[in-house]
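>>> Build me a model from this:
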Amino acid sequence: MSTAVTEPEPSPQPWLKRIPAPLFTVVYGALVILVVFGAAMAAGYTADTADTAGAEAVAESERLPQPERPFNPPPANPDNVAASIRSHLITDVRVGKTDSGAMMRGDIVNGALDDTTEIAGHLSRLLEQNCLDTVTLTSKSGMRFNFWGFCFSTLPPATIAQLMDFGVDEGADSVSFAVYPVQGNFHTITLNWMDVGDTDDADELIEQWQEVERPDEIDRITFNGYTDDEVVVMDNDKKTGEAIKRWPRFTNAEE
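Residues are numbered from 1 along each chain as shown. Predicted coordinates for the structure are as follows:
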């Protein structure tokens with residue numbers, strides 16, 4: 001009886017183990033280098049594409065016409081302004097739109113400046129409730145009151161009344177209230193006297209200017225006076241205080 005023993009067949013080895021070690025090292029290293037190089041090329045291509053797109057966008061924006069007014073202009077409702085006017089204070093009202101809000105012109109009713117409390121309160125509310133950046137009101141004597149730059153912003157009625165009263169009492173030709181939002185809401189009031197008289201009259205007027213107490217919410221009050229021979233200016237500034245300047249007035253040589 002035969003007692004021969006059959007040797008078991010060796011189990012198959014994975015294909016990686018069948019690759020010689022030196023060859024595996026070379027191939028694996030080459031693959032790593034290719035992956036790293038490919039990643040670097042992809043990143044460079046992405047950056048170049050982004051730069052090119054950005055440059056094209058800038059060039060395109062430079063070719064487009066620039067807007068002449070804001071994309072979202074402030075709301076202007078002239079009809080609302082006209083409907084809010086108290087006719088026993090202001091008449092002959094004309095309203096319209098501007099590039100930065102609404103405008104209004106009108107005449108002050110005779111007697112409305114005898115006691116400015118009511119008209120000052122009325123104007124203060126109009127400015128607060130509307131984007132009313134241009135207002136010109138004319139009294140029966142021809143004196144003008146201007147309000148510039150107010151868009152849903154205002155001044156206290158007492159401040160408006162104080163300077164209106166002073167202008168009326170001292171015979172000013174105009175009183176202008178202005179606010180400059182781009183300069184940190186810098187508030188100014190300017191009063192003009194176009195025909196003061198002579199130098200002595202100017203000196204007396206300056207004394208009256210110096211009596212005016214500047215309201216705390218006003219950054220600067222400017223008084224301008226024009227005599228036959230000179231121009232006189234006084235600034236009452238919140239930071240620098242009072243400053244008076246005088247210089248000769250230039251007139252027509254043939255006069």
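>>> Any figure for the gap between Tyr226 and Gly184?
31 Å (CB to CB, to the nearest Å). For glycine as for every other residue, the C-beta is placed from the backbone atoms N, C-alpha and C.
>>> out of those two, which sits in the more crowded spot?
Taking other CB atoms under 10 Å, Tyr226 and Gly184 do not tie; Tyr226 has more neighbours (18 against 8).
>>> excluding its backbone neighbours, what's nearest the more buried one?
With sequence-adjacent residues excluded and distances taken as CB to CB, 6 or more residues apart in numbering, Tyr226 is closest to Met194, at 5.4 Å.
>>> and that neighbour, backbone torsions?
phi -90, psi -20 (degrees, to the nearest 10).
>>> Report how many residues lie close to it.
10.
>>> so it touches Asp173, yeah?
Yes - judged on CB atoms under 8 Å, Met194 makes contact with Asp173 at a distance of 4.7 Å.
>>> How about Asn110, nearest residue that isn't a chain neighbour?
Excluding its sequence neighbours, the residue lying closest to Asn110 (CB to CB, 6+ apart) is Lys140, at 4.8 Å.
>>> which residues does the one you found contact?
Asp107, Ile108, Asn110 (CB atoms under 8 Å, 6 or more residues apart in numbering).
>>> Just the element for it, please.
Assigned by DSSP states H and E, Lys140 belongs to no helix or strand.
>>> picking up where we left off before, any of the contacts of Lys140 buried? List them.
Among those, those scoring as buried are Ile108 (criterion: 16 or more other CB atoms under 10 Å).
>>> can you tell me which of the contacts of Lys140 are in strands?
In strands, defined here by DSSP state E, the members of the contacts of Lys140 are Asp107, Ile108.
>>> Please dump the contacts of Lys140 into a markdown table; it should also carry pLDDT and distance to Lys97 for every row.
Formatted as a markdown table, the contacts of Lys140 follow (pLDDT from 0 to 100; distance: CB to CB, whole Å):
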| residue | pLDDT | distance to Lys97 |
| --- | --- | --- |
| Asp107 | 98 | 21 |
| Ile108 | 98 | 23 |
| Asn110 | 96 | 30 |
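>>> end-to-end on stretch 151-160?
16 Å (CA to CA, to the nearest Å).
>>> I would like the residues contacting that stretch, please.
74, 100-101, 116-117, 120-121, 123-125, 127-133, 177, 179, 181, 185, 187, 215, 217-218.
>>> can you check stretch 221-228 too?
163, 188-199, 201-202, 205-206, 209, 212, 214, 231-236, 249.
>>> Do you know the pLDDT at the residue nearest to Asn110?
On pLDDT, Lys140 comes in at 95.
>>> measure it to Ala82 for me?
Distance from Lys140 to Ala82, by CB to CB: 21 Å.
>>> Next: Asp229.
45 Å.
>>> quick one, which of the two is more surrounded?
Per other CB under 10 Å, whichever of Asp229 and Ala82 has more neighbours is Ala82, with 15 against 12.
>>> can I assume the more buried one is in contact with Val93?
Yes - between Ala82 and Val93 there is a contact at 5.7 Å, judged by CB under 8 Å.
>>> Quick check: neighbours shared by the two?
Here Ala82 and Val93 share the contacting residues Met104, scored by CB under 8 Å, 6+ apart.
>>> Would you map the helices across this protein?
Along the chain, counting by DSSP state H, helices occupy 15-18, 21-63, 78-84, 117-129, 157-169, 199-209.
>>> Lovely, talk soon.
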